[in-house]
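K.L.:
Below: sequence and its predicted model.
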Amino acid sequence: MAALHAQIRPFFHRSESFQNAVAYLDALSFSPCQHNCWTLAETAGYEDPQPFQRLLRTAKWDHQALRQWHERTLYTQLDHPEACWSVDDTGFLKKGKASAGVQRQYSGTAGRTENCQIAVALAYSFPKGYALTDCRLYPAFLTNRSVDKNWLLSVAILRTELMRQWPRKHVTLGRQGGI
C-alpha cells in the first residue's frame, strides 16, 4: 500500500487531504461491505466522519487526473486477452429527498419502485477479478419533470449532468473510459 500512496500523492494539494485519502483507502480495504463515512471513519480510528466528508465534498484535489491515472494503471497492469468491460446501473435506496437524484423510480437493487438514486458504473472485468473505473449519478427525473433550480444548486448538480439522457449514459461512460 505504501507504493500506491506514494503514487497518488501528487494529486492532493494539501498534506491533510492526502492523509485523509490514505486513511479512506485503507479503511475501504479493511472495513465491512457496508461503506459509508461513519463506518469508514470508525475503521480508520477517527471519532467522527468529518475528515472523510470534507475530503469527498470540499477538499481541493485533482480527482480527474487521479481517475485518469487509475485507468492508465489499471489497463497497463491488468491487461488480459479475456478481459471485458461491464456497464451497469444500480439503485441506492434513500429515505429522504435531499440527496441529488432521489425520486420514486425502479431500482434493480430492490426489485421494485422505491425512493432511490440511480448510478451507472463502468468496470473492467478480468479472470482474477474486476475493478471499478468510473461511476456517475444519473438524475433520471431531469428528463421527465421540471425541477426547482434552487434545489438543484443545493444538491450541486452541474448543468452538464442535467443534459444527459438515459440511452446515452452508458455510451458516455464508455467513451470517457477509453472504450
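P.N.:
Great, that's in hand.

K.L.:
Who does residue 136 form a beta bridge with?
P.N.:
Beta-bridge pairing of residue 136 under DSSP bridges involves residue 120.

K.L.:
Which residue lies nearest the spatial centre of this protein?
P.N.:
residue 135 (4.7 Å; C-alpha atoms, centre = their mean).

K.L.:
Which residue comes closest to that residue once chain neighbours are left out?
P.N.:
residue 121 (4.5 Å; C-beta to C-beta, 6 or more residues apart in numbering). Heads up, the C-betas are built off the backbone N, CA and C, glycines and all.

K.L.:
Please report how far that neighbour lies from residue 86.
P.N.:
8 Å (C-beta to C-beta, to the nearest Å).

K.L.:
ok, back up a step: give me the distance between the residue nearest to residue 135 and residue 131.
P.N.:
11 Å.

K.L.:
ditto for residue 56
P.N.:
For residue 56 relative to residue 131 (C-beta to C-beta), the value is 20 Å.

K.L.:
and what of residue 63?
P.N.:
On the measure of C-beta to C-beta, residue 63 and residue 131 end up 17 Å apart.

K.L.:
sorry, back to before: compare residue 121 and residue 86 (neighbour count), which wins?
P.N.:
Applying other C-beta atoms under 10 Å to residue 121 and residue 86 shows that residue 121 carries more neighbours, namely 16 against 12.

K.L.:
From residue 100, how far out is that one?
P.N.:
When residue 121 is compared with residue 100 (using C-beta to C-beta), they lie 16 Å apart.

K.L.:
which residue sits closest to residue 130, ignoring its sequence neighbours?
P.N.:
Counting by C-beta to C-beta, 6+ apart, the residue nearest residue 130 is residue 123, at 5.0 Å.

K.L.:
For the one you found, pull up the helix or strand it's in.
P.N.:
Residue 123 is part of strand 112-126 when elements are defined by DSSP states H and E.

K.L.:
before we move on, what about residue 4?
P.N.:
Per DSSP H and E: residue 4 is located in helix 2-8.

K.L.:
averaged over its residues, what pLDDT does that helix have?
P.N.:
Averaged across helix 2-8, the pLDDT comes to 91.

K.L.:
Which other helices and strands does it contact?
P.N.:
Counting contacts by 3 or more C-beta pairs under 8 Å, 6 or more residues apart in numbering; DSSP states H and E, helix 2-8 packs against helix 15-30, helix 63-78.

K.L.:
Deepest in the core, which of those helices is it.
P.N.:
helix 15-30 (a mean of 16; mean count of other C-beta atoms under 10 Å).

K.L.:
for the next helix or strand after that helix, which positions count as buried?
P.N.:
Tracing the chain past helix 15-30, the next element assigned as helix or strand by DSSP H and E is helix 37-44. For helix 37-44, a neighbour-count test (16 or more other C-beta atoms under 10 Å) marks 37, 40-41, 43-44 as buried.

K.L.:
Done for today, thanks.
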